[in-house]
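[1] need coordinates for the below:
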Amino acid sequence: MSFHLPREITLAIQFVLDECLPPIIRDSRWFMWLPFKLFFGKHADTFFTFKEIAHDLDHEQFIRIYQDT
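    Here you go, the predicted model:
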């Protein structure tokens, strides 16, 4: 399932997240879990853990993740 949000809405969401929320809340898993699940579905965990696992991935695993998401 794919959908498109107008640029104005994505910019408004970005502003709220980046400028109105303190990083301690914005960067916490408990706060972002629901939006990630709503927007990315079964791939939400991949987005959450990507920075932690990226240095251990081989070339084929990178390709698979990018194709899947």
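
[2] regarding the protein, what is its longest helix?
    helix 29-40 (DSSP state H).

[3] just checking, what packs against the helix or strand harbouring Q61?
    Element membership of Q61 [criterion: DSSP states H and E] is helix 59-68. Secondary-structure packing of helix 59-68 (3 or more Cβ pairs under 8 Å, 6 or more residues apart in numbering; DSSP states H and E): helix 44-53. Quick note: C-beta positions are derived from backbone N, CA and C, even for glycine.

[4] so which elements touch the helix it packs on?
    Using 3+ Cβ pairs under 8 Å, 6+ apart, helix 44-53 sits against helix 29-40, helix 59-68.

[5] and F39, what is it in contact with?
    Not one residue lies near F39 by Cβ atoms under 8 Å, 6 or more residues apart in numbering.

[6] from F47, how far out is it?
    9 Å (Cβ to Cβ, to the nearest Å).

[7] cool, and I65?
    10 Å.

[8] same thing with L21?
    L21 is 18 Å from F47, by Cβ to Cβ.

[9] same check, this time on L17
    Distance from L17 to F47, by Cβ to Cβ: 14 Å.

[10] cool, and I24?
    For I24, the distance to F47 - Cβ to Cβ - is 20 Å.

[11] these two: which has the busier surroundings?
    More neighbours surround F47 than the other of I24 and F47, with 14 against 8 (other Cβ atoms under 10 Å).

[12] give the contact list for that one.
    F47 neighbours (Cβ under 8 Å, 6+ apart): 36, 40, 69.

[13] 7 Å instead?
    36, 40 (Cβ atoms under 7 Å, 6 or more residues apart in numbering).

[14] the helix holding Q61 to helix 44-53, inter-axis angle?
    150 degrees (axes from the mean of the first three to the mean of the last three Cα atoms, to 10 degrees).

[15] pLDDT weak spots in the chain?
    The model of the chain has pLDDT under 70 over residues 1-3.

[16] before I go, just wanted to say thanks for your time.
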